[in-house]
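S.K.: Here is my input, please return the structure:
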Amino acid sequence: MKSGLWGLAVLGSVFALSACETGPCAELECGAGSVCVPSATDPSVGECRCGDEAGPLCGLEDTCLAEASVCVPAAVCGAGTQWAPGQAAFREATAEWGLAGVEGVRLTVTDIDGDGWADLEVRRGSISPDAPNTWLLRNTGGDGFEDVTEASGVLASRALAPRSTPGVFAWGDVDNDGDLDAYVGRSTLSIDEFGVETSELLLNDGAGRFTLGPIGSALRRVEAVDNPGGAAFVDVDHDGVLDLWVAQADLARPLGEPEQLFVGDGAGGFTDGSAELGIVSAAWTLGATPGSGEYDVDALDAAEAHTRAWSAAACDLDGDGYAELLASSYGRSPNHLWRSMAGAGYVNHSVASGYAYDGDLTWQDNQFAICFCRANPSAEGCETVTGSPIIACGPNWDHARDRSPWRLGGNSGATICGDVDNDGDLDLLTTEIRHAWAGQGADGSELLINDGSATFTRPGDEALGLAVTHDGPLWDEGHITAAMFDFDNDGWPDIYIGATDYPGNHGLLYQQESPLAFREVPVQDGIDHNRSHGIAVADFDRDGDLDVIVGHSRARCGEPNDCYATRQVRFFENVAGDGGNFVQLHLEGGEGTNRAAIGARVRVTAGGVTQTQEVGGGHGHFGAQQDLVLHFGLGAACEAEVEVRWPDASLTTETFSLPAGHRFRVAQGGTPVAE
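M.R.: Okay, here's the model as predicted:
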């Protein structure tokens, strides 16, 4: 393991280190760690050099990291920020950013041209023949977006013209040439409708123009039904080349499809390595042909049958440096967690981890179970059912099947990885669609707290301050998308949940006011957005705090009709973090590491708190992705001790200290450079 150590003795101060009391350095004050020497080109003028007279030239306000022989800016530091009730957290700036007319529910953050400004990709999620369905929007430098969809080639197709909306996007540098390429997942459930269009890998030329990748790539799935519900780039074997994890939705066929792990060749080609690496699941039924036999309840309860995935994720949950693979499943079927055996394949850890479903197997309060038992009082278990149904009874209960654990799980929308409690391991946030009629056995959106071994406890929403209140006995929670990020720069992750698709649902922003204690930010202070579906988080204006862009769903626009007129996305500029202390890190992998540094783990210690984040390669409902630039709020601290564990074969670790208030590019094996 290689380690680099660069220290800061003084931050934010200046002092004179003069070569003499008179002459060119008599009144020149250099920054911490620099010395003043006469200029070689004009000895009558003094200049600041890092460490000694042979070191690099520093500005007057720069701090010299002498051991690394590099200058960094002095800290820009204040008293720190933390949101308090009654304080504005965000303000809407949709029109200012040129987003009028951009509609969608699926959003990703990227940087298509490598200029350091976060760009945006948006999809409607449904096809409209009369309007655009996909947008690729270039950030023009912190003051707005320009539409580069057509010019970029991101809608490239092998058909004469694109006829389907891309379902999934994920971004990563698959050929290690320094720019972000794109996986574009498309459904082929209806081959007659979509023709020869398939999922594709698009290669970036570095200027944000894309061309189709290899025609023979297995990720195109030309010989099989393809309906990706989520995707994540990940380097599963730490060979320095990105692989691709794809979870299948296949909601039109209720028996599911197996997930795939595609192994990258470093040039844009992929082969299916799923079975070889141990990622194997079963059909739902015992018959030889799908749908021809009884449900295999044992396989379903054990989370050994296919998911009906609405999202994919990849993150290191047991701290061994290798990513676990997750697929969150819609349709009351178990979520999957595949645990890495340190790069030697995967084992199914879904049920043992506590991720497949929660431990509440109550079925007696399901309204349709009550209906069934009133009509069949002698049926097994019905003696424990009491009460009268509050819904119109219907044939929606299979008494033999629906009491099984796999049917008492959730309708999972997304899984987010993040160290919510700042204890050094990654926890999980799951979103769920939940209905009052399903009873308490149905899983709801929840934080899963990691014990460090990829095994989770569920403290419960009530204990954490995340419980949602409802009006009346019948209600629907349409929680599908989410994000975990520090909106007020206090050093503790906060939570946003996109509650959508049902009347009365709106975006839910929670501040973590103390460890694992959350409070809801009222809509008048935070993000006032009905049926919030889709979220992109980045410091779009590079002012030192994280902004949010959200989409809008118009599904089920009945009474009360709280839908907006269109699926217009809305930009919410962060104001709670204004003036807060932060550090941002843009990592660049070196030899043996994928260039985008996807999978790198970063620990930042400031003010006695250590935060842990990983560079992500995609996650979320039908493809979500946040900025590859990592943002850390620092509370009241003015400096940060940073540790980077690179995802190479040796898990190379480097440590350094950095001043608050800046973004740094950190190239593996090099020194931090302010951007």
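S.K.: Please count neighbours and contacts with C-alpha atoms only from this point.
M.R.: Fine.
S.K.: thought W492 was touching G418?
M.R.: No - here W492 does not reach G418: they are 10.8 Å apart, not a contact under C-alpha atoms under 8 Å.
S.K.: can you pull the contacts of G579?
M.R.: G78, G80, T81, G544 (C-alpha atoms under 8 Å, 6 or more residues apart in numbering).
S.K.: how near is the nearest residue in space to S34 that is not next to it in sequence to P85?
M.R.: Leaving aside its sequence neighbours, S34 sits nearest to C50 (C-alpha to C-alpha, 6 or more residues apart in numbering; 4.5 Å). From C50 across to P85, the span is 45 Å (C-alpha to C-alpha, to the nearest Å).
S.K.: Those two: who's more crowded?
M.R.: C50 (28 against 12; other C-alpha atoms under 10 Å).
S.K.: what are the phi and psi angles of that one?
M.R.: Dihedral pair for C50: phi -80, psi 120, per degrees, to the nearest 10.
S.K.: Repeat that for S199.
M.R.: Here S199 shows phi and psi, under degrees, to the nearest 10, equal to phi -60, psi 150.
S.K.: Tell me who's in contact with the residue nearest to S34.
M.R.: G33, S34, V35, P56, L57, C58, C64, L65, A66, S69, V70, C71.
S.K.: Would you list the buried entries among those residues?
M.R.: Neighbour-count burial (16 or more other C-alpha atoms under 10 Å) applied to the contacts of C50 gives G33, S34, V35, P56, L57, C58, C64, L65, A66, S69, V70, C71.
S.K.: Quick one, which of the contacts of C50 has the minimum pLDDT?
M.R.: Lowest pLDDT of the contacts of C50: A66, 73.
S.K.: I'd guessed that residue sits against A54; true?
M.R.: No - using C-alpha under 8 Å, A66 is not in contact with A54, being 11.4 Å away.
S.K.: so where is the chain shaky, pLDDT-wise?
M.R.: Low-confidence segments of the chain (pLDDT under 70): 1-21, 128-130, 160-163, 190-196, 250-256, 287-293, 559.
S.K.: Now do the helices in it.
M.R.: Taking DSSP state H, the helices of the chain run over residues 149-152, 191-194, 297-301, 350-353, 367-375, 461-464.
S.K.: Adding mean neighbour count, write these out as TSV.
M.R.: Shown next, in TSV, are those (neighbours: other C-alpha atoms under 10 Å):
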stretch	mean neighbour count
helix 149-152	16
helix 191-194	12
helix 297-301	19
helix 350-353	19
helix 367-375	22
helix 461-464	13
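S.K.: Kindly state which of those is positioned closest to A454.
M.R.: Across the helices of the chain, A454 has its closest neighbour in helix 350-353 (6.2 Å, C-alpha to C-alpha).
S.K.: circling back: among the contacts of C50, which one lies nearest to F270?
M.R.: Using C-alpha to C-alpha, the contacts of C50 come closest to F270 at V70, 40.2 Å.
S.K.: who's in contact with that closest one?
M.R.: Contacts of V70 (C-alpha under 8 Å, 6+ apart): C50, P56, C64, T671, P672.
S.K.: Format those as a markdown table; extra columns: distance to V297.
M.R.: Shown next, in a markdown table, are the contacts of V70 (distance: C-alpha to C-alpha, whole Å):
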| residue | distance to V297 |
| --- | --- |
| C50 | 68 |
| P56 | 68 |
| C64 | 64 |
| T671 | 55 |
| P672 | 54 |
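S.K.: so which of the residues you listed would you say is closest to R138?
M.R.: P672 (26.4 Å).
S.K.: quick one, phi psi at the closest one?
M.R.: phi -60, psi 140.
S.K.: how close does it sit to P56?
M.R.: Distance from P672 to P56, by C-alpha to C-alpha: 14 Å.
S.K.: nearest to L180, of the helices of the chain?
M.R.: helix 149-152 (12.8 Å).
S.K.: what's in contact with the closest one?
M.R.: By C-alpha under 8 Å, 6+ apart, helix 149-152 touches T134, W135, L136, L137, L155, G208, R209, F210.
S.K.: Out of those residues, who's the most crowded?
M.R.: L136 leads the contacts of helix 149-152 on contacts (other C-alpha under 10 Å) with 27 neighbours.
S.K.: what bridges to that residue?
M.R.: E121 (DSSP bridges).
S.K.: Is it in contact with R123, as I believe?
M.R.: No - applying C-alpha under 8 Å as the test, L136 and R123 come out as separate, 9.0 Å apart.
S.K.: related to what we said a few turns ago, what is the nearest of the contacts of helix 149-152 to S311?
M.R.: T134 (19.2 Å).
S.K.: Neighbours of E53, how many?
M.R.: E53: 18 neighbours (other C-alpha under 10 Å).
S.K.: Next, count neighbours for the closest residue to it other than its chain neighbours.
M.R.: Residue nearest to E53 in three dimensions, not counting chain neighbours: V37, with 6.2 Å by C-alpha to C-alpha, 6+ apart. Neighbourhood size, V37 [other C-alpha under 10 Å]: 22.
S.K.: Please name the bridge partners of V37.
M.R.: E47.
S.K.: Just to check, it is in contact with E47?
M.R.: Yes - applying C-alpha under 8 Å as the test, V37 and E47 come out as touching, 5.6 Å apart.
S.K.: got the contact list for D365?
M.R.: V385, A438, G439, Q440.
S.K.: let's see 10 Å
M.R.: Going by C-alpha atoms under 10 Å, 6 or more residues apart in numbering, D365 touches T384, V385, T386, G387, S388, P389, A436, W437, A438, G439, Q440, G441.
S.K.: Neighbour count and distance to T110 for those - can I get that in TSV?
M.R.: Conversion of those to TSV gives the following (neighbours: other C-alpha atoms under 10 Å; distance: C-alpha to C-alpha, whole Å):
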residue	neighbour count	distance to T110
T384	10	53
V385	18	52
T386	12	53
G387	11	52
S388	11	52
P389	17	49
A436	17	38
W437	19	40
A438	20	39
G439	18	40
Q440	18	39
G441	22	39
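S.K.: Go through the residues you listed and say which is closest to L426.
M.R.: Closest to L426, out of all of the contacts of D365 and judged by C-alpha to C-alpha, is G441, at 26.0 Å.
S.K.: any idea what sits nearest the closest one, other than its immediate chain neighbours?
M.R.: T362 (4.6 Å).
S.K.: Equivalent analysis for Y330, please.
M.R.: N411 (4.2 Å).
S.K.: Show me what the one you found is bridged to.
M.R.: I433.
S.K.: my guess is it contacts E432, does it?
M.R.: Yes - contact criterion C-alpha atoms under 10 Å: N411 and E432 qualify, at 5.2 Å.
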